[in-house]
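Asks: Make a model of this:
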Amino acid sequence: MDRLAQSANRPSSQEHALLDWDYATKYLTSEAPWHRGHGATDGFLGGGMLYYGFAYAMRARIAVCLGSGGGFVPRLLCQAQRDMRRPGCHTFLVDADRPQAGWGRPRWLSEESLFRKEFPEAIIIVATTADAFANFFVPKGIRIDYLHIDADHSYEGCMADFDNYLSIMAQSFVISIHDTSLPTVARVVDEVRKREGLELIDLPDLGRGVAFVRPRLPATAPKLYWPRDPSV
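Replies: All right, here's what the predicted structure looks like:
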């Protein structure tokens, strides 16, 4: 039997698994009814691994999620910050609780919700993204390392979120934009793609689609993602 066949027939061991499937099913996708829009199913995280991976790899001290009715994305951001063991990290969730938008009320409003109980470190701001930007993030001088945009899916609303929060991103950042398969959000992606100084990759076939944006850094830029001192 060649090595490829041996590898295919080798039994898997949960003891050595990088991902704990039981934990993912019980705490990351449970009570998160829209996780399938991110290409995830019960126990399979789909695009959630990208959110986690970017936040973890860049050692994001400040992560912000704009819109999340089930809390799937902020759970992954919180988990990344837990796992990288970097002091002073915070994940913020901004959601206006506007059932009239057609998505119902957030599933995490109750203090007894799984998200609130299992990820109590998440800072929840019940407000529109525009109000949170003007009345919370800007006055406090917060600079964001990782931003996830998944709130107002109109072209105008999504574009405003991108432009507003882009102005308070850290020097080296990642922004993810969800639902890029929607024509309104796809239009935002097309606009951002044309801008100088930014790099964008769109994965429209991953769940309901997601794009990732980062600054176009010069070759001489310092290696901010891999500091020698892990506490930095």
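Asks: where does this structure have low pLDDT?
Replies: Within the chain, the segments meeting pLDDT under 70 span 1-15, 102-103, 221-232.
Asks: roughly how far apart are the residue nearest to Leu166 when sequence neighbours are not counted and Asp95?
Replies: Closest residue in space to Leu166, ignoring its immediate chain neighbours: Ile175 at 7.2 Å, by Cβ to Cβ, 6 or more residues apart in numbering. Just so you know, the C-beta spots here come from the backbone N, C-alpha and C atoms, and that holds for glycine as well. Ile175 sits at a distance of 18 Å from Asp95 (criterion: Cβ to Cβ, to the nearest Å).
Asks: what's the answer for Ala80, then?
Replies: Counting by Cβ to Cβ, the gap from Ala80 to Asp95 is 20 Å.
Asks: Ramachandran angles for Ala211?
Replies: Main-chain dihedrals, Ala211, degrees, to the nearest 10: phi -120, psi 150.
Asks: what do you get for Ser172?
Replies: Phi and psi for Ser172, reported as degrees, to the nearest 10, are phi -120, psi 120.
Asks: So the residue nearest to Leu166 lies in a strand, does it not?
Replies: Yes. Assessed by DSSP: H, G, I helix; E, B strand; the rest coil, Ile175 belongs to a strand.
Asks: Would you confirm that Thr41 contacts Leu28?
Replies: No. Contact criterion Cβ atoms under 8 Å: Thr41 and Leu28 do not qualify, at 11.4 Å.
Asks: which neighbours do the two share?
Replies: Shared contacts of Thr41 and Leu28, defined by Cβ atoms under 8 Å, 6 or more residues apart in numbering, comprise His35.
Asks: Run through the bridge partners of Glu199.
Replies: Glu199 has these beta-bridge partners by DSSP bridges: Arg214.
Asks: can you pull the contacts of it?
Replies: Val213, Arg214, Pro215, Arg216.
Asks: Repeat the analysis, applying 10 Å as the threshold.
Replies: By Cβ atoms under 10 Å, 6 or more residues apart in numbering, the residues touching Glu199 are Val192, Arg193, Phe212, Val213, Arg214, Pro215, Arg216, Leu217.
Asks: Cheers, nothing more for now.
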